[in-house]
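Peer 1: A structural model of the following input is requested.
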Amino acid sequence: MFHMLPRFSPVKQDFIWVAEYADGTYLSEFDFATHEENSFYSIKRDQIIRFGLVGLGSHFYFEGFGGSFKVGGRMIDFAYEVNGKFFPLSGFGKMYNDIITYKDVEMYADLLNGRSSTNRISRFNFGYKTTLTYDEASFNFKAIFQIPFNKPASFYVRLISDTELNGKFIILRNGKVAEEYDAPLKKDVGGELTWLLN
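Peer 2: Numbers count the residues shown, from 1 in each chain. Below you'll find the model as predicted:
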């Protein structure tokens, strides 16, 4: 369904969010026909199969079951590895429906000369947060795909473990390791990474 939606926003805003449901229906931030705005709080989170952004000729989303991101025709997943033990952070057999979306806005004003201010959206963001529990550790994980104005897209990720671990944070592209980063974690202390899409 997501790939069948229009690739351009129905309003002047570059991107709009879309929640796709298991029954084949969807809710979009602005209706494609009437342009009426829908509330983020109207999204039926327990029925989401995909969530993401549509605009500027593109679809970006993640799968509700498994949390894998689909960006530029590629599947992006994340994992943590300790001493050869692989802990999937996405692509895991669970629902990822604690969805997040927001916009960064910049405002410009000439307060000294009393000129009115202007503002614009400088970045569109969407993703999720989740908790994953393994025998060895429990992880709180947040993944946000960021689309800034006139800059490369990126992923912002945050990972917290309930156990001290000395491992690697792994980014997978189409199931293969794309990047690895040394990422020691202290108990209950968050680690953050921003990965520029290439």
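
Peer 1: where along this protein do the strands fall?
Peer 2: Applying DSSP state E to the chain gives strands spanning 15-21, 26-28, 48-55, 58-63, 69-71, 74-82, 85-88, 99-108, 118-133, 138-148, 154-161, 165-173, 176-185, 191-196.

Peer 1: and the residue nearest in space to the middle of the chain, what does it touch?
Peer 2: Geometric centre of the chain, nearest residue: Gly127, 2.3 Å, by Cα atoms, centre = their mean. Gly127 is in contact with 62, 69, 99-101, 142-145, 156, counting by Cβ atoms under 8 Å, 6 or more residues apart in numbering. Backbone N, C-alpha and C define where each C-beta goes, glycine included.

Peer 1: What of Tyr134?
Peer 2: Contacts for Tyr134 were tallied using Cβ under 8 Å, 6+ apart; they are Phe87.

Peer 1: what pLDDT does it get?
Peer 2: The confidence metric pLDDT takes the value 95 at Tyr134.

Peer 1: low-scoring stretches of this structure, by residue?
Peer 2: Scanning the chain for pLDDT under 70 picks out 111, 114-116.

Peer 1: Enumerate every residue touching the residue nearest to Ile170 when sequence neighbours are not counted.
Peer 2: Computed as Cβ to Cβ, 6 or more residues apart in numbering, the closest residue to Ile170 that is not its neighbour in sequence is Ala79, at 4.4 Å. Ala79 is in contact with 86-91, 169-170, 172, counting by Cβ under 8 Å, 6+ apart.

Peer 1: What of Trp17?
Peer 2: 28-29, 40, 51-53, 101, 126 are the contacts of Trp17 under Cβ under 8 Å, 6+ apart.

Peer 1: Just the buried ones out of those, please.
Peer 2: 28-29, 51-53, 101, 126 (16 or more other Cβ atoms under 10 Å).

Peer 1: how far away is the residue nearest to Ile170 from Thr131?
Peer 2: 16 Å (Cβ to Cβ, to the nearest Å).

Peer 1: Relative to the centre of this structure, pull out the residue lying furthest away.
Peer 2: Distance-from-mean max, the chain, by Cα atoms, centre = their mean: Asn113 at 40.0 Å.
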